[in-house]
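K.L.:
need a structure here:
(one chain, ligands or ions: 1)
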Amino acid sequence: MAKFVVEFGKSGKEAAPDGRLQGPAFERNHDAIWSTMATFLSAQTGDVLELGSGTGQHATTFAGRSPQLTWWPSDIYPSHLASIEAWRRHAGLANLRTPQHIDLTDPAWSWTADKQPGGVLAAMLCINVLHISPWRVAQNLIAGAGRYLAADGRLFAYGPFKRSGQHTAPSNAEFDASLRAENPEWGVRDLDDLNALAQAAGLTPAEIVPMPANNLVLAFAGAGRRN
Ligand SMILES: C[S@@+](CC[C@H](N)C(=O)[O-])C[C@H]1O[C@@H](n2cnc3c(N)ncnc32)[C@H](O)[C@@H]1O
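P.N.:
Purely as a prediction, here's the structure:
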């Protein structure tokens, strides 16, 4: 059964002397996630905002693979923000910006670009957050995508999801139960519920890309893209 991490580095074992933390799932999932975004992102310029960046490994790796995009990582925990900043300094990438505090429980969340209110985004990315946070985080993420995504932009969300109310594997059902036992507000989200939020926000229904270990990437497109 999958395990979950709420705050990285709690055991004190994962941190490098400069504060870089290592996420246990990063090595397993980052190439698969990248493969779902690479074609789209390679044709884009502009800004990409990551929500719930955790250690910062994904933003750092993906920024290195898309130098024409400017990446803006974010999180809520000071230890995570410190780790993201440490990875940023370690990588020395010109297109990876200092992390910012964005709490998706805030319905009025906003992002900042070089001390100015952030504008239209080419893409947003949210990896393994929606099941380890209250439902309002999903609501506010998708509403925010409606506010910020370019007409042809994409919101990529990775994690375990239910489809038509059903888990996609017994291990995901066990995982869901363990999440809900830890916090009744957490749990594996249903694609239909997320698509309803997307519709309300003016986004397309999700394109679904199966991932290893019974995860999915959901790609919601901005309001300007209609099939
Ligand atoms: C399981 S970790 C995933 C981190 C990273 N995306 C990854 O895949 O390695 C969940 C992340 O969501 C962040 N998070 C939790 N609640 C949040 C909220 N309300 N707003 C934004 N981020 C949140 C946590 O701080 C943590 O970094």
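
K.L.:
which elements pack onto the lengthiest strand in the chain?
P.N.:
Selection of the longest strand in the chain by residue count, based on DSSP state E, yields strand 149-159. Secondary-structure packing of strand 149-159 (3 or more C-beta pairs under 8 Å, 6 or more residues apart in numbering; DSSP states H and E): helix 26-42, strand 121-127, helix 135-148, strand 215-221. All C-beta atoms are positioned from the backbone trio N, CA, C, and that covers glycine.

K.L.:
I'd say Phe26 and Thr60 touch.
P.N.:
No - assessed by C-beta atoms under 8 Å, Phe26 is found out of contact with Thr60, at 10.1 Å.

K.L.:
in stretch 114-126, what's buried?
P.N.:
118, 121-126 (16 or more other C-beta atoms under 10 Å).

K.L.:
residues touching the residue in the chain that the ligand sits nearest to, list them.
P.N.:
Closest approach between the chain and the ligand, counting by C-beta to the nearest ligand atom: Gly54, at 2.5 Å. If you count contacts by C-beta atoms under 8 Å, 6 or more residues apart in numbering, Gly54 has them with 5, 8, 21, 23, 75, 80, 83-84, 127-128.

K.L.:
with Ala16 instead?
P.N.:
Ala86.

K.L.:
tell me the secondary structure at it.
P.N.:
Judged by DSSP: H, G, I helix; E, B strand; the rest coil, the three-state class of Ala16 is coil.

K.L.:
got a pLDDT number for it?
P.N.:
pLDDT, Ala16: 90.

K.L.:
same thing with Pro160?
P.N.:
pLDDT for Pro160: 98.

K.L.:
how many other residues sit next to it?
P.N.:
The number of residues packed near Pro160 is 26, by other C-beta atoms under 10 Å.

K.L.:
which stretches of this protein have low pLDDT?
P.N.:
1-2, 11-14, 224-227 (pLDDT under 70).

K.L.:
residue numbers of this protein in contact with the ligand?
P.N.:
4-5, 23, 25-26, 51-55, 58, 75-77, 80, 102-105, 127-129, 132-133, 137 (C-beta under 6 Å from any ligand atom).

K.L.:
which of the residues you listed count as buried?
P.N.:
Buried among the residues of the chain next to the ligand by 16+ other C-beta under 10 Å: 4-5, 23, 25-26, 51-55, 58, 75-76, 80, 102, 104, 127-129, 132-133, 137.

K.L.:
those residues in helices, which ones?
P.N.:
Among those, DSSP state H puts 26, 58, 80, 137 in helices.

K.L.:
strand partners (parallel or antiparallel) of the longest strand of the chain?
P.N.:
Using DSSP bridges, the strands paired with strand 149-159 are strand 121-127 (parallel), strand 215-221 (antiparallel).

K.L.:
relative orientation of the first one and helix 26-42 in degrees?
P.N.:
For the pair strand 121-127 and helix 26-42, the angle between their directions (axes from the mean of the first three to the mean of the last three C-alpha atoms, to 10 degrees) equals 160 degrees.

K.L.:
tell me the contacts of Asp190?
P.N.:
Applying C-beta under 8 Å, 6+ apart, the residues near Asp190 are 161-165.

K.L.:
which residues touch the closest residue in space to Ile208 that isn't next to it in sequence?
P.N.:
Nearest residue to Ile208, sequence neighbours excluded (C-beta to C-beta, 6 or more residues apart in numbering): Leu216, at 5.7 Å. Counting by C-beta under 8 Å, 6+ apart, Leu216 makes contact with 158-161, 168, 191, 208-210.
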